[in-house]
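Undergrad: Task: produce atomic coordinates for the following.
(one chain, ligands or ions: 1)
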Amino acid sequence: MTFEHESLIGLREISADEIMFLLDEAKAFRNILEREIKKVPTLRWLTVVNLFYEPSTRTRISFELAEKRLSADVVNFSISGSSVSKGESLRDTINNILAMKVDMVVVRHSSVGAAYYIARECGVPVINAGDGTNEHPTQALLDLFTISQRFGYFRGLRVVIVGDIRHSRVARSDIWGLKKLGASVAICGPRTLLPQNCDVFGVDVYTDLEEALSGANVVNVLRLQFERQKAGYIPSIREYRMKWGLTSERVAFLDPDHAIMHPGPMNRGVEIDPDVADSEESVILPQVTNGVAVRMAVLFTLASKIKK
Ligand code: CP
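TA: As a prediction, this is how the structure comes out:
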């Protein structure tokens, strides 16, 4: 097993074997995170820039931690305080950063295709940390890692993704990854928040949450992405919670052997109730811990392809 690509743009374009390769690599890095000294000298020759054109807590911090735990040099860029406000283009921004001898780019951007564009136009290895509504591949890898840690297998598992699927890059990356590894996937939400082209995903589609949850092993709850919603997609937050919020009563519809996931940030009392988010079946914080290991694995794998 090996990883064939120089960048990680999405799970849609990588194979099941490549996904399993990254998950296996992440296992070794997850063990390092349990040591007293959580740092290895492996990538001390590497310089990475973390370019965040959109807000982030988990992804930005875990990439930075992953880079530092591999001993890479790290530069953090966010648009506030940068020359983007003076009109500098994405391409010029990247080329100027690369002129300072940076080896790899981690990028989050509101435009679909931004990570692919940088990899193609600037000839640098790129890790997509979320591009618009398209993909968030390292989030999906950490979700897959967490599911594998909890259940030990994918084939035969039933996973339900609930919420604002239409605007969710996490949902898209999760679907590509889970389907490639043999899980059965369902999506559920108000009709207005389901993608228009549901057919391309090969998933079961529900608008009734209790029906969707029936017998499922994993429920992944997504927040309403108001920042991407250009119209009033739901009558009110109160009505959304009543019909699609994950409450303890609705958890009872799941298989007795189940896990509750959320990529964060959570809106407690809207898409998920606090007692459910904090229950024994919740793996929401383990997801965050596993995110560091998964990002170490991706950084290490792509760095090993750079000709020094
Ligand atoms: N899950 C996720 O992408 O969270 P952040 O937006 O905080 O990075």
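Undergrad: which residues does the residue in the stretch 101-250 of the chain that the ligand sits nearest to contact?
TA: Going by CB to the nearest ligand atom, the ligand is nearest to Gln139 of the stretch 101-250 of the chain, at 5.2 Å. Yep, even glycine has a C-beta here, placed from its N, CA and C like the rest. Applying CB atoms under 8 Å, 6 or more residues apart in numbering to Gln139 gives the contacts 59, 130, 169-170, 173-174, 263, 291.
Undergrad: let's go with 10 Å and repeat that
TA: Counting by CB atoms under 10 Å, 6 or more residues apart in numbering, Gln139 makes contact with 11, 58-59, 129-130, 169-170, 173-174, 177, 263-264, 287, 291, 294.
Undergrad: before we move on, what about Leu246?
TA: Contacts for Leu246 (CB under 10 Å, 6+ apart) come out as 160, 162-163, 209, 213, 219, 221, 254, 260, 262, 270-273, 276-277.
Undergrad: mind showing which ranges of the stretch 201-308 of the chain have poor pLDDT?
TA: Under the criterion pLDDT under 70, the flagged ranges of the stretch 201-308 of the chain are 308.
Undergrad: Could you show which parts of this structure are in contact with the ligand?
TA: 56-60, 139, 263-265 (CB under 6 Å from any ligand atom).
Undergrad: Among those, which lie within strands?
TA: Of the residues of the chain next to the ligand, none are assigned to strands by DSSP state E.
Undergrad: Adding distance to Val40, write these out as a markdown table.
TA: Below are the residues of the chain next to the ligand laid out as a markdown table (distance: CB to CB, whole Å):
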| residue | distance to Val40 |
| --- | --- |
| Ser56 | 25 |
| Thr57 | 25 |
| Arg58 | 22 |
| Thr59 | 22 |
| Arg60 | 22 |
| Gln139 | 24 |
| Pro263 | 27 |
| Gly264 | 27 |
| Pro265 | 30 |
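Undergrad: Can you tell me which of those has the most neighbours?
TA: Highest neighbour count within the residues of the chain next to the ligand: Pro263, with 26 neighbours (other CB atoms under 10 Å).
Undergrad: Can you get me a residue count around the closest residue to that one other than its chain neighbours?
TA: Using CB to CB, 6 or more residues apart in numbering and skipping the chain neighbours, the partner closest in space to Pro263 is Val170 (4.8 Å). Val170 has 25 neighbours, counted by other CB under 10 Å.
Undergrad: quick check: mean pLDDT across the host helix or strand of Val170?
TA: Using DSSP states H and E, the element containing Val170 is helix 169-180. Averaged across helix 169-180, the pLDDT comes to 98.
Undergrad: Please give the centre-to-centre distance between it and its chain.
TA: 9 Å (CA atoms, centre = their mean, to the nearest Å).
Undergrad: Residue in the stretch 151-300 of the chain with the shortest distance to the ligand?
TA: Residue nearest to the ligand within the stretch 151-300 of the chain (CB to the nearest ligand atom): Pro263, separated by 3.8 Å.
Undergrad: wait, isn't that residue in contact with Val288?
TA: Yes: at 9.3 Å, Pro263 counts as touching Val288 under the criterion of CB atoms under 10 Å.
Undergrad: List the residues that contact Ser56.
TA: Taking CB under 10 Å, 6+ apart, one finds 50, 62-63, 78, 108, 129-130, 265 in contact with Ser56.
Undergrad: what about stretch 106-115, start to end distance?
TA: Stretch 106-115 stretches 8 Å from its first residue to its last (CA to CA, to the nearest Å).
Undergrad: switch to numbering from 736
TA: Sounds good: first residue 736 from here, last item stretch 841-850.
Undergrad: got the buried residues for that stretch?
TA: Going by neighbour count (16 or more other CB atoms under 10 Å), the buried part of stretch 841-850 is 841-844, 849-850.
Undergrad: Go ahead and confirm Ala875 touches Trp911.
TA: Yes: Ala875 is in contact with Trp911 according to CB under 10 Å; the separation is 7.2 Å.
Undergrad: Between the two, which contacts overlap?
TA: Common contacts of Ala875 and Trp911, defined by CB under 10 Å, 6+ apart, comprise 745-746, 754.
Undergrad: Put the buried members of the contacts of Ser791 into a PyMOL selection.
TA: In PyMOL, the members of these classed as buried (16+ other CB under 10 Å) are selected with the following command:
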select buried, resi 785+797+798+813+843+864+865
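Undergrad: Let me have the contacts of Ser791 in CSV, extended by secondary structure.
TA: Rendered in CSV, the data for the contacts of Ser791 read as follows (DSSP: H, G, I helix; E, B strand; the rest coil):
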residue, secondary structure
Asn785, strand
Ser797, helix
Phe798, helix
Ser813, strand
Arg843, strand
Ala864, strand
Gly865, strand
Pro1000, coil
